[in-house]
Every structure is written in C-alpha cells, then in structure tokens.
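A.B. asks: Dropping the sequence and predicted coords here.
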Amino acid sequence: MRTRQTALLLGLAATALFITVDGPAWAHGRDRHACSVARLDGLYVFAATGVVTSGPFAGPTAIVELIRFNGDGAVSVPGVTLSANGTIVPIPPGGTGTYTVTDVVPPDGACTGTLTFDSPGAPTLALYFPLKADTIWMIQTNEGSVLQGTATKLAR
C-alpha cells in the first residue's frame, strides 16, 4: 500500500513540474521561461498620464486606451480617449501597430519590448512585464513627451 502511495505522489510531483499557471508550456507552443511576442495575447486597457512638452497638444496629457495584442507582434486599437491639456482629442478606433519582446538579460522572469503605432507621429513606447503578462508597464519614448502608465489584461 505504501509503495503505491509513494508511486502516486512521485507521479503527481513529476506532472506538476511540467505544468505552469496557464497550462503546460508545450501546449501553448512556448517555453515557459522565455519572452516572446506570444506572451502578449489579449485585450488590455492602458491608462497613462504625463506631459507633452511641445507641439499642438503641449501640456498635461491623459489617455485611456484599449489595445489588443495579437500574440504575433501586431496590435490593434478598438477604442481610445485622449485628453491633451484639458481638450478631448478625437481619435477613431482602428489604429494598428507592431510590438517586439525580448528577455531581460540575464533572464529572470521579466520581459521588455517596444510598441510602435503605424500612423505618422504616433507614440512609441517601451514595455516591461512579467512572464504571465497580466500587467504591462509602459513609458513613451518619443522626444518631447513624458507619459507613463500601466496596461492591465482584460481578456484573451
């Protein structure tokens, strides 16, 4: 009886080694310890505040934006509200862009990357997030802007 219980416990322990929080790494086609564009796959809400220091929208800025990361390096924007210096700037949904993802060196459970929108003059952002990618910290990297915020995963 004890041998059977020991074998069962060893079998369960071995199974646990191959399962991550979101299922087996092999089932998702990704290494559970690696950063890749596949890590970002779903709909996120991005909320940020900051200051634009030059141009037609110079002044305090706030944005709330839905961003869909497609898991393949492409993004789309189903909705956005931007307040620039107290004026709501109309931005129609449907924007697109691309993103990259790399491991932090040395790899230690964190990823970094970039997000670039396709329209001329659109923002470029640096991305930082954990492997489970439920939260992304972003900062705009365009000169003349000081904008940072957090994107939170809403759905896959």
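C.D. replies: Arrived safely, thanks for sending. Given the structure is predicted, the values throughout are model-derived calculations rather than measurements.

A.B. asks: Specify the beta-bridge partners of the residue nearest to the spatial centre of the chain.
C.D. replies: The residue at the geometric middle of the chain, judged as the C-alpha nearest the mean C-alpha position with C-alpha atoms, centre = their mean, is I136 (4.4 Å). Counting by DSSP bridges, I136 forms beta bridges with A151.

A.B. asks: pull the CA atoms of stretch 83-92 into PDB?
C.D. replies: Backbone C-alpha positions of stretch 83-92 (Å, rounded to 0.1, in the frame of the first residue of the first chain) are rendered in PDB as follows:
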ATOM      1  CA  SER A  83      -7.200  64.400 -23.100                       C
ATOM      2  CA  ALA A  84      -4.500  66.800 -24.100                       C
ATOM      3  CA  ASN A  85      -4.200  70.000 -22.000                       C
ATOM      4  CA  GLY A  86      -7.800  69.600 -21.000                       C
ATOM      5  CA  THR A  87      -9.100  69.100 -24.500                       C
ATOM      6  CA  ILE A  88     -10.600  65.700 -25.600                       C
ATOM      7  CA  VAL A  89      -8.800  64.800 -28.800                       C
ATOM      8  CA  PRO A  90     -11.000  62.600 -31.100                       C
ATOM      9  CA  ILE A  91      -9.100  59.500 -32.100                       C
ATOM     10  CA  PRO A  92     -11.100  57.000 -34.000                       C
END
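
A.B. asks: Can you identify each of the helices in the chain by residue range?
C.D. replies: 2-17 (DSSP state H).

A.B. asks: who's in contact with T150?
C.D. replies: Contacts here follow C-beta atoms under 8 Å, 6 or more residues apart in numbering; on that basis T150 touches 46-48, 135-138. (Each C-beta comes from the backbone N, C-alpha and C, glycine too.)

A.B. asks: D108: which of those residues is nearest?
C.D. replies: Distances from the contacts of T150 to D108 were compared by C-beta to C-beta; the smallest belongs to W137, at 16.0 Å.
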